[in-house]
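[1] Everything below, folded, please.
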Amino acid sequence: MRVVVIGFGSIGKRHVNNLISLGINDITLCRTSALGNELNLREIEHLEDILKIQPDFVIVSNPTYLHGKSLEFLIQNQINILCEKPLLYKAEEWSRIKESLDCYNGFANVVFNLRFHPCIKKAKEILINHELGMIHSARFFTGQYLPDWRPGTNHLDSYSANKGLGGGVVMDLVHEIDASEYLLGKPDGEIKSIVSRISDVTVDSVDIAEILYQTSNKSVINIHLDYLFRGYARNIMILGSEQNLYCDLFENTIKITGNQNQLVYSFKFEKFERNDMYLHLVADYIKGLNNPDYQSGLPSFYENESVMNTCFQINN
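    Numbering: from 1, shown residues only. A predicted model of the protein is given here:
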């Protein structure tokens with residue numbers, strides 16, 4: 001296959017290395033400045049040059065604030081797209097993209113790698129089988145101290161710390177918003193939130209968010225996102241009428257408990273490595289690209305609309 005990767009930061013490099021490991025070597029990098037690269041891959045500087053290459057698909061992994069321009073070009077030219085999350089940063093960008101999708105015949109998905117985490121997959125299976133009973137509530141928590149994210153770099157220079165680059169916890173940690181919908185359903189009615197910058201770990205982007213809503217099944221959903229937690233924590237707690245589920249995405253464990261906290265059963269995914277998610281999602285995308293009847297594990301642009309609308313609503 002022939003692939004173009006737009007952007008060659010940390011996530012772009014991860015995608016390129018995974019493509020190579022999957023046996024895809026015809027890779028071109030689209031960068032604002034073609035500086036050369038350690039893999040000796042071909043480089044182009046302008047989106048228009050992608051048309052000369054005629055790729056099977058394009059991975060969009062440049063900064064979020066540049067997604068809109070890249071996507072508009074790719075959609076207009078009927079090019080297949082795998083776009084990093086978040087899809088877009090501003091509501092008006094989605095209005096333009098949505099209108100152009102009416103004439104788009106390509107295959108386009110959004111990268112939500114957390115869907116390929118074994119804990120999320122197991123939790124989805126448990127919920128489909130109704131093992132917990134009626135779902136009363138769920139809490140999604142993710143926190144990590146931003147200065148610890150990328151050792152050896154100044155965190156204040158990162159897109160995460162800068163609102164103008166698309167940073168801030170709502171967009172940056174959108175995985176939890178997607179996971180809550182993926183597992184338990186979309187918001188139904190009012191979405192309440194507190195979104196703020198309360199420390200100096202960012203330049204001007206928000207560093208903490210609390211989101212609260214109900215689903216159509218009346219389940220109460222709470223999502224906590226922050227750049228402030230000293231260390232790293234990522235977990236999900238789901239309370240059912242019969243049993244409870246606790247998922248630790250740092251320890252890669254799931255526990256099902258019943259009355260008086262009695263352990264019913266548990267799982268620990270010891271062989272899991274973080275890059276497995278990215279490998280599997282690219283393979284999944286390619287399978288969906290080659291087989292129209294295949295049900296991809298990644299959301300389409302339209303399927304991602306509810307997640308984007310939640311972000312747009314609370315991130316103003």
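[2] Could you pull out the helices in this structure for me?
    10-21, 50-53, 67-76, 91-101, 118-128, 169-172, 175-184, 274-290, 305-314 (DSSP state H).
[3] Of all these, which one is nearest residue 249?
    Closest approach to residue 249 among those is made by helix 118-128 (5.7 Å; CB to CB). Quick note: C-beta positions are derived from backbone N, CA and C, even for glycine.
[4] who does the closest one touch, helix- and strand-wise?
    helix 175-184, strand 232-240, strand 244-248, strand 253-257 (3 or more CB pairs under 8 Å, 6 or more residues apart in numbering; DSSP states H and E).
[5] If we use 7 Å, what do you get?
    helix 175-184, strand 244-248, strand 253-257 (3 or more CB pairs under 7 Å, 6 or more residues apart in numbering; DSSP states H and E).
[6] Could you list the alpha-carbon positions for the last one in PDB?
    Meaning strand 253-257. Written as PDB, here are the backbone C-alpha positions of strand 253-257 (Å, rounded to 0.1, in the frame of the first residue of the first chain):
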ATOM      1  CA  THR A 253      -6.800  -4.800  35.200                       C
ATOM      2  CA  ILE A 254     -10.500  -5.300  35.600                       C
ATOM      3  CA  LYS A 255     -12.300  -6.300  38.700                       C
ATOM      4  CA  ILE A 256     -16.000  -7.300  39.000                       C
ATOM      5  CA  THR A 257     -17.400  -7.000  42.500                       C
END
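[7] partners of it, with directions?
    strand 244-248 (antiparallel), strand 263-268 (antiparallel) (DSSP bridges).
[8] and the direction of the last one versus that of helix 118-128, what angle?
    When you say that, I think you mean strand 263-268. 140 degrees (axes from the mean of the first three to the mean of the last three CA atoms, to 10 degrees).
[9] ok now strand 263-268, how far from the chain's centre?
    27 Å (CA atoms, centre = their mean, to the nearest Å).
[10] Next: stretch 2-9.
    That offset, for stretch 2-9, works out to 18 Å (CA atoms, centre = their mean).
[11] Any buried residues in it, and which?
    3, 4, 5, 6, 7, 8 (16 or more other CB atoms under 10 Å).
[12] Look up the residues forming beta bridges with the residue lying closest to the last one once chain neighbours are set aside.
    What that stands for is residue 8. Closest residue to residue 8 apart from its sequence neighbours, by CB to CB, 6 or more residues apart in numbering: residue 29 at 5.2 Å. With DSSP bridges applied, residue 29 shows beta-bridge pairing to residue 5, residue 43.
[13] Deepest in the core, which of the helices and strands packed on helix 118-128 is it.
    Each of the helices and strands packed on helix 118-128 was scored by mean neighbour count; the highest is helix 175-184, a mean of 23, by mean count of other CB atoms under 10 Å.
[14] can you count the residues close to residue 227?
    28 (other CB atoms under 10 Å).
[15] Tell me, how many residues neighbour the residue nearest to it when sequence neighbours are not counted?
    In space, and not counting its chain neighbours, residue 227 is closest to residue 146: 3.9 Å by CB to CB, 6+ apart. Around residue 146 sit 23 other residues, with neighbours defined as other CB under 10 Å.
[16] Do I have it right that residue 146 meets residue 225?
    No - applying CB atoms under 7 Å, one finds residue 146 not in contact with residue 225, separated by 11.8 Å.
[17] picking that back up, looking at the buried residues of stretch 2-9, spot the one nearest residue 201.
    residue 7 (24.0 Å).
[18] from memory the closest one sits against residue 64, does it?
    No - if you go by CB under 7 Å, residue 7 and residue 64 don't touch, sitting 10.4 Å apart.
[19] Give the bridge partners for the closest residue to residue 185 other than its chain neighbours, please.
    Residue nearest to residue 185 in three dimensions, not counting chain neighbours: residue 215, with 4.0 Å by CB to CB, 6+ apart. Note on residue 215: beta-bridge partners by DSSP bridges are residue 187.
[20] and the residue nearest to residue 8, what does it touch?
    Taking CB atoms under 7 Å, 6 or more residues apart in numbering, we find residue 29 in contact with 5, 8, 37, 41, 43.
[21] sorry, back to before: could I get the buried residues of stretch 2-9 in a markdown table, plus columns for distance to residue 254?
    A markdown table is the format used below for the buried residues of stretch 2-9 (distance: CB to CB, whole Å):
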| residue | distance to residue 254 |
| --- | --- |
| 3 | 34 |
| 4 | 38 |
| 5 | 34 |
| 6 | 36 |
| 7 | 34 |
| 8 | 36 |
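[22] nearest to residue 303, of those residues?
    residue 6 (21.8 Å).
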